[in-house]
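Novice: Pasting the sequence and the predicted model now:
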Amino acid sequence: MTAVMIGVDPHKGSHTAVAVGSDERQLGRLRVRAAAGQAEQLVEWAAAWPERTWAVEGAAGLGHLVAQQLVAAGERVLDVQPKLAARVRLLAAGDTNKTDPNDARSVAVAALRSDGCRQVRPDDHSAVLQVWSKRHRDLARSRNQVACRLHAVICELVPGGVQKEITAAHAGRLLEEAVPSGAVLLARWELAADFLEDLRRIDAQLSQVKKKLAAAVKASGTTLTEVFGVGPVIAGIVLGEVEDVSRFRDRDHFAAYNGTAPVEVSSGNRKVHRLSRRGNRRVNHAVHMAAITQIRHPHSEGRAYYDKKIAEGKTSKEAVRALKRRISDAIYRRLRVDARRVVSQSAQVTGPGGQAGNVTDASAADSHPECRLFGTATPGPEPTLRPDQAAQPKKRSSQASKKMNRTT
């Protein structure tokens with residue numbers, strides 16, 4: 001029996017599968033309609049190759065459903081990034097040659113050649129976090145668009161418009177005070193009223209999504225919100241995107257994944273590092289928001305670290321980048337602590353046995369203690385995930401006494 005890789009090029013209306021052997025020669029091809037029985041048709045067709053592996057292009061996107069159906073059927077499925085398949089097509093023919101069969105074959109060949117393709121797992125709680133994180137992101141973008149349009153119309157009704165960030169309450173007061181005269185101003189006033197209604201509706205939806213996201217983060221049992229500046233929204237983004245922290249060898253690998261590690265661009269004896277535009281940009285944005293939150297709070301250790309970098313001659317952007325890397329290490333450490341706790345709890349339930357993943361960190365306070373300086377998180381939407389407020393003064397006083405002991 002020959003090991004076979006089956007590449008799948010998913011679409012909304014159909015899926016094309018191409019089977020190739022270890023020598024990258026095509027063994028078969030099938031096109032199925034995107035319907036309820038799509039997975040059964042694919043598995044029945046692939047029964048001729050018992051030793052098979054499926055490679056689905058974009059298993060976290062358009063190919064998510066068919067990939068999950070194949071996993072549920074007991075198949076081994078790999079997630080192939082679209083750029084890997086595109087490179088295979090380019091190297092094979094010198095151009096893209098983009099057709100469904102060519103795409104499916106390129107996906108299979110890319111999976112054969114690459115060792116970095118992630119194996120698709122059944123959806124778990126991280127999928128819930130992904131759903132509500134994406135919903136929050138979409139609503140936030142919609143709110144920004146509506147607010148900008150409302151602001152533009154108000155500027156045509158009220159001289160000067162709104163100087164600061166516009167809110168539904170402030171816009172409502174301005175429209176109540178505005179007295180339109182004439183058909184043109186009346187039409188603009190009615191348009192602004194429509195935008196105001198949209199803004200209030202989106203604000204209410206955002207509030208509900210934040211509550212659902214906070215409840216999902218709390219159900220995960222994570223301690224990620226103990227990092228200063230990481231609330232339910234940021235924690236939901238990180239947990240939903242990372243999924244399994246054991247796939248990262250160390251904190252450097254995690255920093256490269258989220259784009260907070262600089263990229264080396266060296267030639268000969270000249271060694272230069274530049275800002276990384278790679279990695280998961282959603283996680284990078286979440287880390288950036290945590291860094292901005294720390295900088296805005298003068299009492300935080302993150303602000304002290306930022307000021308220290310500025311005093312060393314760093315620019316503001318360079319200091320923010322250094323702080324983002326520091327926060328990335330703190331997040332990574334918390335994720336490893338959570339993974340170790342889950343492994344220990346499962347071991348207590350099932351008895352001694354193998355442990356999934358590699359959690360080699362001894363504790364949250366290891367040889368890099370700077371990452372435990374980002375105290376408790378800042379207040380966020382209800383339900384809160386923060387420690388009891390009564391315990392915070394004691395914690396602050398103990399930290400202050402430690403600082404006094406170091407200075408004396």
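Specialist: Perfect, thanks for sending it.

Novice: so Gly7 sits in a strand?
Specialist: Yes. Under DSSP: H, G, I helix; E, B strand; the rest coil, Gly7 falls within a strand.

Novice: contacting residues for it?
Specialist: 17-20, 55, 57, 80, 85, 103-111 (Cβ atoms under 8 Å, 6 or more residues apart in numbering). Yep, even glycine has a C-beta here, placed from its N, CA and C like the rest.

Novice: Apart from its chain neighbours, what residue comes closest to it?
Specialist: Ala108 (3.0 Å; Cβ to Cβ, 6 or more residues apart in numbering).

Novice: ok, how many other residues are close to the one you found?
Specialist: 31 (other Cβ atoms under 10 Å).

Novice: cool, and the one 10 residues further on?
Specialist: Here the neighbour count serves as a burial measure; for Arg118 (other Cβ under 10 Å) it reads 15.

Novice: so what's the backbone phi/psi at it?
Specialist: phi -80, psi 140 (degrees, to the nearest 10).

Novice: quick revisit: do you know how far the residue nearest to Gly7 is from Val18?
Specialist: From Ala108 over to Val18 the distance is 6 Å, taken as Cβ to Cβ, to the nearest Å.

Novice: Spit out the residues that contact those two alike.
Specialist: With Cβ under 8 Å, 6+ apart, Ala108 and Val18 have common neighbours Ile6, Gly7.

Novice: Checking my notes, Val18 in a strand, right?
Specialist: Yes. When three-state DSSP is applied, Val18 is found to be in a strand.

Novice: who touches it in this structure?
Specialist: Contacts of Val18 by Cβ under 8 Å, 6+ apart are Ile6, Gly7, Asp9, Gln26, Gly28, Arg29, Pro101, Ala104, Arg105, Val107, Ala108.

Novice: ok, so of these, who is nearest Asp329?
Specialist: Using Cβ to Cβ, Val107 is the member of the contacts of Val18 that sits closest to Asp329, with 35.0 Å.

Novice: Could you give the bridge partners of the closest residue to that closest one other than its chain neighbours?
Specialist: Nearest non-adjacent residue to Val107, counting by Cβ to Cβ, 6+ apart: Gly7, 3.5 Å away. Beta-bridge partners for Gly7, by DSSP bridges, are Val18, Ala55.

Novice: residue contacts, Gly161?
Specialist: Gly161 touches His151, Ile154, Cys155, counting by Cβ under 8 Å, 6+ apart.

Novice: Do me a favour and get the backbone dihedrals for it.
Specialist: Backbone torsions of Gly161, given as degrees, to the nearest 10, read phi 60, psi -140.

Novice: thinking again about what came up before, any chance of the contacts of Val18 in CSV with secondary structure, distance to Trp132 and pLDDT as columns?
Specialist: CSV is the format used below for the contacts of Val18 (DSSP: H, G, I helix; E, B strand; the rest coil; distance: Cβ to Cβ, whole Å; pLDDT from 0 to 100):
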residue, secondary structure, distance to Trp132, pLDDT
Ile6, strand, 33, 94
Gly7, strand, 32, 93
Asp9, strand, 30, 92
Gln26, strand, 42, 90
Gly28, strand, 40, 92
Arg29, strand, 39, 93
Pro101, helix, 38, 86
Ala104, helix, 33, 89
Arg105, helix, 37, 89
Val107, helix, 30, 91
Ala108, helix, 34, 91
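
Novice: May I ask which of these has the most neighbours?
Specialist: Val107 (35 neighbours).

Novice: ok, that one touching Ile6?
Specialist: No. Between Val107 and Ile6 there is no contact, the gap being 9.0 Å when judged by Cβ atoms under 8 Å.

Novice: any residues in contact with both of these two?
Specialist: The contact lists of Val107 and Ile6 share Val18, Ala55, where a contact means Cβ under 8 Å, 6+ apart.

Novice: can you tell me how far the residue nearest to Val107 sits from Arg278?
Specialist: Distance, Gly7 to Arg278, by Cβ to Cβ: 25 Å.

Novice: got any ranges where the chain has weak pLDDT?
Specialist: Across the chain, residues meeting the criterion (pLDDT under 70) sit at 1-2, 92-97, 349-408.

Novice: Would you map out the domains in it?
Specialist: According to automatic domain parsing, the chain comprises the domains 4-119, 125-219, 224-407.

Novice: ok, Leu196 to Glu241 distance?
Specialist: 34 Å.

Novice: for Arg105, same thing?
Specialist: 30 Å.

Novice: How about Glu190?
Specialist: The value you get for Glu190 to Glu241, if Cβ to Cβ is used, is 42 Å.

Novice: Equivalent analysis for Asn102, please.
Specialist: 30 Å.

Novice: burial of the residue lying closest to Arg52 once chain neighbours are set aside, as a residue count?
Specialist: Spatial nearest neighbour of Arg52, excluding adjacent residues (Cβ to Cβ, 6+ apart): Val4 at 4.6 Å. Using other Cβ under 10 Å, Val4 has 21 other residues around it.

Novice: wait, Val4 sits on Trp54?
Specialist: No. Contact between Val4 and Trp54 fails when scored by Cβ under 8 Å: they sit 9.7 Å apart.

Novice: So for those two, which residues contact both of them?
Specialist: Ala46.

Novice: to the chain's geometric centre, what's the distance from stretch 99-109?
Specialist: 28 Å (Cα atoms, centre = their mean, to the nearest Å).
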